[in-house]
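> I would like to see how this sequence folds:
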Amino acid sequence: MEPLSAFIIAGVMLAAAPATKRQEMDYAKPVSKNQHCVDNGTEYILPTISGDIAYPNTLGIIKFDKFNTGIAVNSRELLKREVSAYVRYKDGWNGSETLAPTSLAIDAANSFVELIPARLPFPRPMLSANGEIGLYWVLSDGYAEVSFELDGNVSFFSRTRAGKEDFQDNISLDSLGSDWFWSVIGPLDIVQIAA
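Here you go, the predicted model:
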């Protein structure tokens, strides 16, 4: 190859290098405000360097001294604390027509939380205007919800991204084992499917 041709080819190759340089991306940062992390269903206080735990927002709104021990607890216990905090709501808590949850519904929800097997993601709690407590999962391959009615009746609903639905009513908590959880929640979580 002639020296002049080699020089021109090298020049063209080097000139093209800046055009293929990887562009810097400006990624959106998580929403964080006043030491709070806002998520779709629940607002959690962020942990601090001193080792404080991330309490669900309802524990900050409802003064719940009985459980505010200040020691670190696991996710299951935090979920049970938030559900237990619903005992402070009275009829009319969000308008004249709203009902408070019953102790039957609270106990059923906490018993259900105790049954969730390890390695499955924990649901988020919610309270409806009719006093019904709900626990719901928004997972990579679908949505699931367990409802605890005022009389303690338990029902389950799920829907996959493909549109397959599952509904179960009058569920007995005594009959639920880890196989039930893996069969109804496991297929909705892509991490569990991959495992």
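> rest of the way, CA atoms for contacts and neighbours
Will do.
> where does this protein have low pLDDT?
For the chain, applying pLDDT under 70 flags the ranges 1-72, 191-195.
> Where do the strands of it begin and end?
32-33, 36-38, 43-45, 124-127, 133-139, 142-148, 154-160, 165-168 (DSSP state E).
> Just tell me which of those strands ends up closest to Y86.
Evaluated over those, closeness to Y86 peaks at strand 124-127, with 7.9 Å, by CA to CA.
> what are the pairing partners of the closest one, and which direction each?
If you go by DSSP bridges, strand 124-127 pairs up with strand 133-139 (antiparallel).
> Which residues outside the partner strand are in contact with it?
Strand 133-139 has contacts (CA atoms under 8 Å, 6 or more residues apart in numbering) with 101, 105-106, 109, 121-128, 143-149, 188-190.
> sorry, back to before: mind putting the strands of the chain in JSON lines, mean neighbour count included?
Below are the strands of the chain laid out as JSON lines (neighbours: other CA atoms under 10 Å):
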{"stretch": "strand 32-33", "mean neighbour count": "11"}
{"stretch": "strand 36-38", "mean neighbour count": "16"}
{"stretch": "strand 43-45", "mean neighbour count": "18"}
{"stretch": "strand 124-127", "mean neighbour count": "18"}
{"stretch": "strand 133-139", "mean neighbour count": "21"}
{"stretch": "strand 142-148", "mean neighbour count": "22"}
{"stretch": "strand 154-160", "mean neighbour count": "18"}
{"stretch": "strand 165-168", "mean neighbour count": "12"}
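> With distance to S96 added, can I get those in CSV?
CSV is the format used below for the strands of the chain (distance: least, CA to CA, whole Å):
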stretch, distance to S96
strand 32-33, 32
strand 36-38, 28
strand 43-45, 25
strand 124-127, 16
strand 133-139, 18
strand 142-148, 22
strand 154-160, 26
strand 165-168, 31
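> Which one of those strands lies nearest to V113?
Of all the strands of the chain, strand 133-139 comes closest under CA to CA, at 9.0 Å.
> was I right about F112 contacting L173?
Yes: shown here, F112 and L173 form a contact pair, counting by CA atoms under 8 Å, at 6.8 Å.
> neighbour count winner among the two?
Per other CA atoms under 10 Å, whichever of F112 and L173 has more neighbours is F112, with 18 against 14.
> residues contacting that one?
Counting by CA under 8 Å, 6+ apart, F112 makes contact with L173.
> Roughly how far does it sit from S140?
Distance, F112 to S140, using CA to CA, to the nearest Å: 22 Å.
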